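>>> fold the following for me, if possible:
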Amino acid sequence: AATMGDGMWARIASALLRQRNYLALLRFLLLSLIAWTNRLLMTVEDFIFPWLSDTPVDKIVFVLGHQRSATTNIQDTLLDIDAMKGSTVYDCLFPSLILKVMMTPLKLLLNIIVETSYDTPNHRVGLNESLEEHLWLLHLFTGEAIPSALYSSLATDRSIVEECMKVTDAHLNFIKRCLKRSRYWNGTSELYVAKPLLFTLCVPKLMMHFPKAKIILCVRDPLDIMKSYAEFLGALTGSKLESKEFQERMHCLLRWYSAPVLRTLATEIKGIGETTKDRMVVNFATWKRDPGKELLRICKWLDLSSNLPMKTCKQKETHRSSKGGTKTESKFFISQEDITKEIGPETYKFLCEAAEGRK
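Predicted coordinates for the structure are as follows:
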């Protein structure tokens, strides 16, 4: 546990150094300090708080799919229900209970720093915002966020991108340790809603580690996904969509991240229909058209009473893609042909039909 991910640390640090991207390297060293501190204190906690290992993580719902498929909107809407709980960005930064308590007096300052650095019109970012649980893998120096959002200059390095997309049993065991601490901190009685989108690549393995979990699979037209994903990453990294450098990075992410996720998502959806006992498909078009009705369908599937006290169901994201279209003009640097080339025409057609509720 003490050395897990340190091979990736050396590769990422070396790559940033070779690129002379010193500002990104400095941010990476700060992330490394936070990661190593958390991992050290979590190891200490395993000895002094042995009861943490008994914290239940069985009542859990995973929201999976590609980014920009209404996954955040669905997660946030579910978290409006009193019977639901989830983790926050603060839980992601400090999975260690000891470090979480120590950093509490600085939470307001940290929130200002996070919002200043990463908050965009495309996606709300703050310490109290809901978490994508695969971001806990940042403490092991891996995960989709490293080449896409945090250190985007690495997106053209195939070996690093593909390594960051791998999810092993050791990774899932680390996620479970973080999840148990979050459940202890935030309460264990409620149903937990998680959104580890990277784990769309390994649903069978995920179910082996969480056999009683339920999964919501979110699907959207692949071309609309890539348009919205590009806008999101462009705003997050301060890149211009017309920049050749940014376009090259997006094509690399399509090839090495988005295409594998979309292929795996199609495989998981095929044969399910609308719902099974442990899986449900939510298509973007239906959710956008009537989120309240879809929410009731999800609650019924989760055996939650339809008269549970909840806030008004509403679209929370201000990004236009969540409301029926992106601001990207029809001329877009990733075409339907580009996506079809990576995932195949049959898969592309299937996902488009599923996104409209026709599969």
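
>>> residue 280 is in contact with residue 301, correct?
Yes - using CB atoms under 8 Å, residue 301 is in contact with residue 280, at 5.4 Å. In this view, the C-beta of every residue, glycine as well, is placed from N, C-alpha and C.

>>> low-confidence bits of the stretch 201-350 of the chain, can you list those?
271, 273-274, 305-331 (pLDDT under 70).

>>> now do the same contact list for residue 339.
Applying CB atoms under 8 Å, 6 or more residues apart in numbering, one finds that residue 339 lies in contact with 222, 223, 226, 254, 259, 262, 348.

>>> same thing but 7 Å
222, 223, 226, 254, 348 (CB atoms under 7 Å, 6 or more residues apart in numbering).

>>> list the buried residues in the helix or strand harbouring it.
For residue 339, the enclosing helix or strand under DSSP states H and E is helix 336-343. Going by neighbour count (16 or more other CB atoms under 10 Å), the buried part of helix 336-343 is 338, 339, 340, 342, 343.

>>> pick the one among those closest to residue 184.
residue 343 (40.3 Å; CB to CB).

>>> from residue 148, how far off is the closest one?
18 Å (CB to CB, to the nearest Å).

>>> what of residue 269?
In terms of CB to CB, residue 269 sits 23 Å off from residue 148.

>>> just residue 176 next, same as before
Residue 176 is 24 Å from residue 148, by CB to CB.

>>> what does residue 205 give?
When residue 205 is compared with residue 148 (using CB to CB), they lie 22 Å apart.

>>> the two - which one has more neighbours?
residue 148 (25 against 15; other CB atoms under 10 Å).

>>> wait, is the more buried one part of a helix?
Yes - applying DSSP: H, G, I helix; E, B strand; the rest coil, one finds residue 148 inside a helix.

>>> shouldn't it be in contact with residue 250?
No - Residue 148 is beyond contact range of residue 250, at 9.3 Å (criterion: CB atoms under 7 Å).

>>> identify the contacts common to those two.
With CB under 7 Å, 6+ apart, residue 148 and residue 250 have no common neighbours.

>>> of all the contacts of residue 339, which comes closest to residue 57?
For these, the nearest to residue 57 is residue 222 (32.2 Å; CB to CB).

>>> count the neighbours of the closest one for me.
Residue 222: 28 neighbours (other CB under 10 Å).

>>> just use 49 as the starting number from now, easier for me
In the new count, where the first residue is 49, that last one comes out as residue 270.

>>> so how far is residue 271 from the spatially closest residue to it that is not a sequence neighbour?
Nearest residue to residue 270, sequence neighbours excluded (CB to CB, 6 or more residues apart in numbering): residue 387, at 5.0 Å. For residue 387, the distance to residue 271 (CB to CB) stands at 6 Å.
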